[in-house]
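Participant: how would this look folded up:
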Amino acid sequence: MGTGEVTLIGGGPGAADLMTVRARDALAVADVVFYDRLAPTDGLREWAPAAELYDVGKRPGHHRITQENIQQRMVAAALDGRRVVRLKGGDPFVFGRGSEEVAACREAGIPVTVVPGISSAIAVPAAAGIPVTARNVSKSFTVISGHDPLSERELAGLAALGGTAVILMGVGTLGHTMAGLQRQGMMSDTPVGVVEHGFTEDQRVLIAPLAEMLGVAAAARLRSPAVLIIGDVVRLAAADPCSGEASSDSDSSPGAAGERVIRAMAGAVL
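Facilitator: Now for the predicted structure:
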């Protein structure tokens, strides 16, 4: 039996119908699928009918399977002649460690293909009607990992950068980030948006000034996954979600049951 192949798939922000045709085609012929926690998986048995399915997802503070072990399992399956799919959320090359997995395959002499996915850095803000760029508002955006606390140098750079900042995996470091940006000179009334569980029926949007976001998030019991957006584009947030997945209450107080858009900022919609 000859060497198999590996396909790294970006599954997008979580909604099954936002996966690409190329991704579905690869799943349809897969022999083995290693999938992540944030990848779209509700229809995985249907999409990959002949494949063995393995959950190798990491959770905040709990990595029951190391990255090295995932790569070893991928390589071993491909060397056994099997068609391997590595299914990730978002895009494999946006904080997805896809480059490490490609390197592991190439080192083992295994053909590897990357199927891009829609990144949550752009799609999840859009689900709340927040554009990462907008004419006369912001002409640039920066995507940052909030998995580890930002250093004072990184906070200072972000505070001075301008444009829009999008922070992924930033719930656990939210307090550090909000306080640090103010400490480094970002205005306390800078608009901040947080989109929780984007493109699901549990999607919620929190909007507050920088100085108040931590309190709003605590009152709303914010949980990951969530995407943070910092900058004036947050004022353009839609009155109703734009994802097609969630409904909105027009007015509510932070933490109220069932609400979908929590606003602690006057004039959030221009």
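
Participant: residue contacts, Leu174?
Facilitator: Gly146, Met213, Leu214, Ala217, Leu222, Leu228 (Cβ atoms under 8 Å, 6 or more residues apart in numbering). In this view, the C-beta of every residue, glycine as well, is placed from N, C-alpha and C.

Participant: ok, now with 7 Å
Facilitator: Leu214, Ala217 (Cβ atoms under 7 Å, 6 or more residues apart in numbering).

Participant: per-residue pLDDT, the closest residue to Ile122 other than its chain neighbours?
Facilitator: If the residues on either side of it in the chain are set aside, Ile122 comes closest to Val132, at 5.8 Å by Cβ to Cβ, 6 or more residues apart in numbering. pLDDT recorded at Val132 is 97.

Participant: I figured Val132 hits Lys139, correct?
Facilitator: No - under the criterion of Cβ atoms under 7 Å, Val132 makes no contact with Lys139, lying 10.6 Å away.

Participant: what is in contact with these two at once?
Facilitator: Residues touching both Val132 and Lys139 (Cβ under 7 Å, 6+ apart): none.

Participant: which of these two has more residues huddled nearby?
Facilitator: A count of neighbours by other Cβ atoms under 10 Å puts Val132 above the other of Val132 and Lys139, at 20 against 11.

Participant: contacts only, for that one.
Facilitator: By Cβ under 7 Å, 6+ apart, the contact list for Val132 reads Ile122, Pro125, Phe141, Thr164, Val166, Val233.

Participant: what kind of secondary structure is Val124 in?
Facilitator: Put simply, Val124 is helix when judged by DSSP: H, G, I helix; E, B strand; the rest coil.

Participant: for the stretch 1-150 of the chain, which segments count as helices?
Facilitator: For the stretch 1-150 of the chain, the helices defined by DSSP state H, counting those that start in this stretch cover 21-28, 44-47, 67-79, 98-107, 120-127.

Participant: how far away from the center of its chain is the first one?
Facilitator: By that I understand helix 21-28. Counting by Cα atoms, centre = their mean, to the nearest Å, helix 21-28 is centred 21 Å from the centre of its parent chain.

Participant: which residues touch that helix?
Facilitator: Residues outside helix 21-28 that contact it (Cβ under 7 Å, 6+ apart): Thr7, Ile9, Gly11, Val33, Trp47, Ala48, Val85, Val115.

Participant: show me what contacts Pro225?
Facilitator: Pro225 makes contacts with Leu38, His197, as judged by Cβ under 7 Å, 6+ apart.

Participant: and the pLDDT for it?
Facilitator: Here the pLDDT value assigned to Pro225 is 93.

Participant: equivalent analysis for Ser99, please.
Facilitator: 96.

Participant: go on, Gly258?
Facilitator: pLDDT, Gly258: 46.

Participant: make TSV out of the helices of the stretch 1-150 of the chain and add mean neighbour count and distance to Gly180.
Facilitator: Below are the helices of the stretch 1-150 of the chain laid out as TSV (neighbours: other Cβ atoms under 10 Å; distance: least, Cβ to Cβ, whole Å):
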stretch	mean neighbour count	distance to Gly180
helix 21-28	16	37
helix 44-47	16	39
helix 67-79	18	28
helix 98-107	16	28
helix 120-127	24	20
